[in-house]
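1. fold the following, please.
(one chain, ligands or ions: 1)
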Amino acid sequence: MKSRQVVIAGAGVAGLTAALAFARHGFGVRIHERAPVLDEVGAGLQLSPNATRILDRLGVLDLVSASTVRPEAVVLRDAVTLAERARVPLGAVAERRWKAPYLVAHRADLQSALLARVAESPLIDLATGSEVTDVETQADGIRVSLAQGGITSHLESGLFVAADGVWSSCRRLVGPNEKSRFSGELAWRTTISADGDVGRHFAALGSSTMVTTFLHAGFHLVAYPIRAGTAINLAAFTPGNSIAEQWSGDTDTDALKRAMRGTAPALSKLVDEAGPWTVWPLHTVDQTRPWTTPGGIALIGDAAHAMTPFAAQGAAMAIEDAYTLADAVVAGPQTDEALLRWETERKSRVHKVARRGALNHFAWHASGPVAIARNLFLKLKSPQSLAADMDWLYGWTPPGWSDQGRL
Ligand SMILES: Cc1cc2nc3c(=O)[nH]c(=O)nc-3n(C[C@H](O)[C@H](O)[C@H](O)COP(=O)(O)OP(=O)(O)OC[C@H]3O[C@@H](n4cnc5c(N)ncnc54)[C@H](O)[C@@H]3O)c2cc1C
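-> Numbers count the residues shown, from 1 in each chain. Take a look at the predicted model:
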């Protein structure tokens, strides 16, 4: 039955989560991934409780847990003086408050755990090296064209889910010229070994069990442990020019060094010693554009609403999208109505999250009087009140959940 078949483009966090979410309701799922091999791309991810409670429901949390770290807190520090500006308690406090853990992970570890559950499901087929090249809406369903090893084939299904990332080619299915836009910011990342010299140097900054964000005018750097604490993920954000749409190695780090002028010598030294750095152009997608079409096409994750990572929520939103989309289609009554309802509900939440990211960017990169006002504001906020400010985001549960997760 075509109506119980879903074709998904992309085996990133969004596509794999969607496959598990649809299979959970008994749908047959085919995932087509353009890359021949799913290798270790991407950076560390903060996985907040709104995402981990869904991963738990899909049986993925148990698998990924061993390679993650439960940080004690999120701490904001001044990059010049290294003084602590704010602290949000995580660890057991987060679990009690938001009823699911706050974790930090390597993206590849999350993808491996999702892939392991996908491989176990008799309802899901995953084809790599298989690119979705075209999608047509027909009177009785969707026709998907695929290219694999120079051979073109076609599939028919009731629903097509485009989870093909920020540079989505499927986005054109919901409107013409739906390209992503360069945000003017670059993300720099590297990983250091926790027990090497650079790792020890980092630990001396007092941050190896936390998510630490170092704030400076026009720059911030986020550091946290990954891979069960054996490595530290460093991600720095600076203004910059548009570059190739991928993680680029062999990068000239002058722009990074310039952005860090005036920061504490211990921090600049860390950035000098760490590396090699790779750099990624941050692109965003206009979220007010359509995410669905009548006839059964839906965009999820970065394909629908790539945002800057300043609220650390892109993957979390992809996980929420994927899970709620499957629930919405099952709730029906017709697919078209379900998709419209889902899109309306998701858009209001995703917009709010993107606004939070923009606010973080404004506050973290501030200088002069704005930075002074920020510091004063943060000084007046207790860790508990900063945690309470995040209840709407981290305490969220998918519509219809009665038990607030399993924990
Ligand atoms: C520096 C940085 C830090 C971040 N930190 C966080 C964080 O802490 N927490 C958080 O939640 N998020 C974070 N994010 C955001 C997060 O990484 C992304 O939002 C998320 O990975 C998007 O997942 P996706 O599945 O939508 O897209 P992707 O992971 O890009 O997956 C898309 C897949 O589709 C495939 N594909 C493309 N075109 C086709 C086609 N035509 N046919 C078949 N397959 C195709 C691609 O090969 C790819 O595998 C961060 C992002 C950056 C850059």
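2. okay, residue 383: pLDDT?
-> Per-residue confidence (pLDDT) for residue 383: 95.
3. and if you look at residue 1?
-> For residue 1, the model assigns a pLDDT of 63.
4. where does pLDDT dip in the protein?
-> Residues of the chain that meet the criterion pLDDT under 70 lie in 1-2, 40-42, 247, 249-250, 403-407.
5. packing partners of the biggest helix by length in it?
-> Assignment by DSSP state H gives helix 335-364 as the longest helix of the chain. The contact analysis (3 or more C-beta pairs under 8 Å, 6 or more residues apart in numbering; DSSP states H and E) places helix 335-364 against strand 292-293, strand 297-299, helix 302-305, helix 314-331, helix 368-380, helix 391-394. Backbone N, C-alpha and C define where each C-beta goes, glycine included.
6. list the buried ones in that helix?
-> Neighbour counts over helix 335-364 (16 or more other C-beta atoms under 10 Å) mark 335, 338-340, 342-343, 346-347, 349-350, 353-354, 356-357, 360-361, 363-364 as buried.
7. for stretch 287-299, same thing?
-> Those would be 287, 290, 291, 292, 293, 295, 296, 297, 298, 299, for stretch 287-299 by 16+ other C-beta under 10 Å.
8. what sits against the residue nearest the centre of the chain?
-> Centroid-nearest residue in the chain: residue 315, 2.1 Å away (criterion: C-alpha atoms, centre = their mean). By C-beta atoms under 8 Å, 6 or more residues apart in numbering, residue 315 lies in contact with 13, 45, 47, 51, 107, 110, 301.
9. same check, this time on residue 38
-> 11, 111, 115, 128 are the contacts of residue 38 under C-beta under 8 Å, 6+ apart.
10. what's the farthest-apart pair in those residues?
-> Using C-beta to C-beta, those span at most 12.4 Å, a distance reached by 111 and 128.
11. neighbour-wise, which of those two wins?
-> Shown here are residue 111 and residue 128; by other C-beta atoms under 10 Å, residue 111 has more neighbours (23 against 14).
12. my guess is the more buried one meets residue 13, correct?
-> Yes: counting by C-beta atoms under 8 Å, residue 111 does reach residue 13; the two are 6.8 Å apart.
13. near the ligand, which residues of the stretch 201-350 of the chain?
-> 235, 280, 301, 302, 303, 309, 312, 313, 314, 315, 316, 318 (C-beta under 6 Å from any ligand atom).
14. for these, give me TSV that also has distance to residue 3.
-> Formatted as TSV, these follow (distance: C-beta to C-beta, whole Å):
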residue	distance to residue 3
235	42
280	39
301	23
302	27
303	23
309	37
312	37
313	32
314	31
315	29
316	30
318	25
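15. and which of these is nearest residue 226?
-> Lowest distance from residue 226 to these (C-beta to C-beta) belongs to residue 235, with 11.0 Å.
16. tell me where the chain has helices.
-> Remark: helices assigned in the chain by DSSP H are 13-24, 49-57, 61-65, 91-98, 107-120, 197-203, 254-259, 265-273, 302-305, 314-331, 335-364, 368-380, 383-388, 391-394.
17. just send the ones you listed back as JSON lines, with distance to residue 140 too.
-> Formatted as JSON lines, the helices of the chain follow (distance: least, C-beta to C-beta, whole Å):
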{"stretch": "helix 13-24", "distance to residue 140": "20"}
{"stretch": "helix 49-57", "distance to residue 140": "32"}
{"stretch": "helix 61-65", "distance to residue 140": "38"}
{"stretch": "helix 91-98", "distance to residue 140": "44"}
{"stretch": "helix 107-120", "distance to residue 140": "28"}
{"stretch": "helix 197-203", "distance to residue 140": "58"}
{"stretch": "helix 254-259", "distance to residue 140": "53"}
{"stretch": "helix 265-273", "distance to residue 140": "57"}
{"stretch": "helix 302-305", "distance to residue 140": "25"}
{"stretch": "helix 314-331", "distance to residue 140": "17"}
{"stretch": "helix 335-364", "distance to residue 140": "12"}
{"stretch": "helix 368-380", "distance to residue 140": "57"}
{"stretch": "helix 383-388", "distance to residue 140": "51"}
{"stretch": "helix 391-394", "distance to residue 140": "40"}
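18. quick one: which of the ones you listed is nearest residue 161?
-> Proximity to residue 161, assessed across those by C-beta to C-beta, is greatest for helix 13-24 (5.3 Å).
19. does the ligand have contacts with the closest one?
-> Yes: legend: contact between helix 13-24 and the ligand by C-beta under 6 Å from any ligand atom is shown at 13, 14, 15.
20. and the residue found closest to residue 195 once you drop the neighbours it is linked to in the chain, how many residues sit next to it?
-> Nearest-residue entry for residue 195: residue 230, 7.4 Å, with adjacent residues in sequence omitted and distances by C-beta to C-beta, 6 or more residues apart in numbering. Using other C-beta under 10 Å, residue 230 is surrounded by 14 other residues.
21. okay then, goodbye and thanks.
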